[in-house]
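Trainee: below: sequence and its predicted model.
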Amino acid sequence: MHITAATAIPVELHLKEPFAIANETVETAVNVFLKLETDQGIIGWGCATPDTVTSETQESVTSVFHHALKELLVGKDPTCIHLLTDMIEENVKGNPSLKAGINMALYDILGKVAGMPVYRLLGGYKDKIETSVTIGLNPVDVMVEKAKGFVSQGFTCLKVKCGMDPDQDIEAVLGIRSAVGPNVKIRMDANEGYTLEKALRVIQTLENLGADIELLEQPTPAKYLYALKEVTAQCPVPIMADETALTLRDSLKLVKMEIADMINIKLMKIGGITNAIKANIFAELAEIPVMAGCMNESMGAMIAGVHFACAFKNVKYADLDSALDFNDDVVKGGALYKDGFVIPPEKPGLGIEVDV
Ligand SMILES: [Mg+2]
């Protein structure tokens, strides 16, 4: 079997409403679909979601694809995923979302060849995972209404964005807790917005007032490793690294230096399923649980995170909700949401149809 054509198709998707976090506000999401055709008629789909966090743009993804990867892929056996991943790594530095898009397209082909959904092919630990849904930064009353809306739709875990104004963050989380009751999980994500002192004050105050926070994600700036380590040491709730954990090597450093209690692995940061598997393995050996997260990803990209999450025991948390945010996604099928869980499709491969 060999790849006969490789195509990159940029798509801009519109969010149902603007989404604000501590370091940016977005209204549209850039995704680049990757299509790999084979001599046996099987087509593999993947999708890159470039982001400031990955230091990529739609232009850089398409340009690097055309100049460095298209020719490299054509003629190769798409089922030799480790070999191709290695070749791509030797030819292209950085560009993790582009690599993730291609890598998931290879797994899509492998699953179609095997007649199995990717999560089962990878080991199939569970057939669904509880996911958080995200509440962006807004006036407190808007955030509380949003929380009530999600819970009425059956979601059982909320991720509350914070990091701009500690007092407002406390007010928002307390408002949400009293609106949704004690049985809904609340996790927080500061997107690098706090100092060590602010993070500790917010969490201590919330704990004293019974807010029951599940975890706090990336309280401090990504580059200050020791600030994060210090929050982890002092904070009464578990600390999860996200922006600090970009590459496979970053994840290894976090584990070795005991900088965070948990790691948020996003395929777009780490370069695809193959690297995510490696990071999850060394995290598991160090007894550090992993979250499968996402960027502003079309279902075409997010679906790979769902398969990864369901394949492994140590992926204990999921924040796989970006596909809910768009009016105009070009993907049909993919994951389903039910009773707070996200469920991978049972079709062979990633289980998506792409209309671009
Ligand atoms: Mg995050």
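Mentor: The structure has been received and is ready for your questions.
Trainee: alongside the ion, which residues does the protein contribute?
Mentor: For the chain, the residues in contact with the ion (C-beta under 5 Å from the ion) are 189, 217, 242. C-beta: built from backbone N, CA, C; applies to glycine.
Trainee: please repeat the previous calculation with a cut-off of 8 Å.
Mentor: 21, 189, 191, 217-218, 240, 242-243, 264, 293, 319 (C-beta under 8 Å from the ion).
Trainee: min pLDDT across these, which one?
Mentor: Note: of those, the lowest pLDDT belongs to Ile21, at 84.
Trainee: got the contact list for the residue in the stretch 1-150 of the chain that the ion sits nearest to?
Mentor: Going by C-beta to the ion, the ion is nearest to Ile21 of the stretch 1-150 of the chain, at 7.9 Å. Counting by C-beta atoms under 8 Å, 6 or more residues apart in numbering, Ile21 makes contact with 136-137, 161, 163, 189, 191.
Trainee: ok, it to Glu243 distance?
Mentor: Separation of Ile21 from Glu243 (C-beta to C-beta, to the nearest Å) stands at 11 Å.
Trainee: same check, this time on Gly154
Mentor: On the measure of C-beta to C-beta, Gly154 and Glu243 end up 30 Å apart.
Trainee: can you classify Met295 by secondary structure?
Mentor: Three-state assignment for Met295 (DSSP: H, G, I helix; E, B strand; the rest coil): coil.
Trainee: now stretch 96-113: how far from the chain's centre is it?
Mentor: 16 Å (C-alpha atoms, centre = their mean, to the nearest Å).
Trainee: before we move on, the earlier item: as JSON lines, the residues of the chain next to the ion with distance to Gln204 and secondary structure would be great.
Mentor: Below are these laid out as JSON lines (distance: C-beta to C-beta, whole Å; DSSP: H, G, I helix; E, B strand; the rest coil):
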{"residue": "Ile21", "distance to Gln204": "23", "secondary structure": "strand"}
{"residue": "Asp189", "distance to Gln204": "18", "secondary structure": "strand"}
{"residue": "Asn191", "distance to Gln204": "20", "secondary structure": "coil"}
{"residue": "Glu217", "distance to Gln204": "17", "secondary structure": "strand"}
{"residue": "Gln218", "distance to Gln204": "18", "secondary structure": "coil"}
{"residue": "Met240", "distance to Gln204": "18", "secondary structure": "strand"}
{"residue": "Asp242", "distance to Gln204": "22", "secondary structure": "coil"}
{"residue": "Glu243", "distance to Gln204": "23", "secondary structure": "coil"}
{"residue": "Asn264", "distance to Gln204": "23", "secondary structure": "strand"}
{"residue": "Gly293", "distance to Gln204": "26", "secondary structure": "coil"}
{"residue": "Asp319", "distance to Gln204": "24", "secondary structure": "coil"}
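Trainee: ok, those vs the ion, which is closest?
Mentor: Nearest to the ion out of the residues of the chain next to the ion is Asp242 (C-beta to the ion; 3.6 Å).
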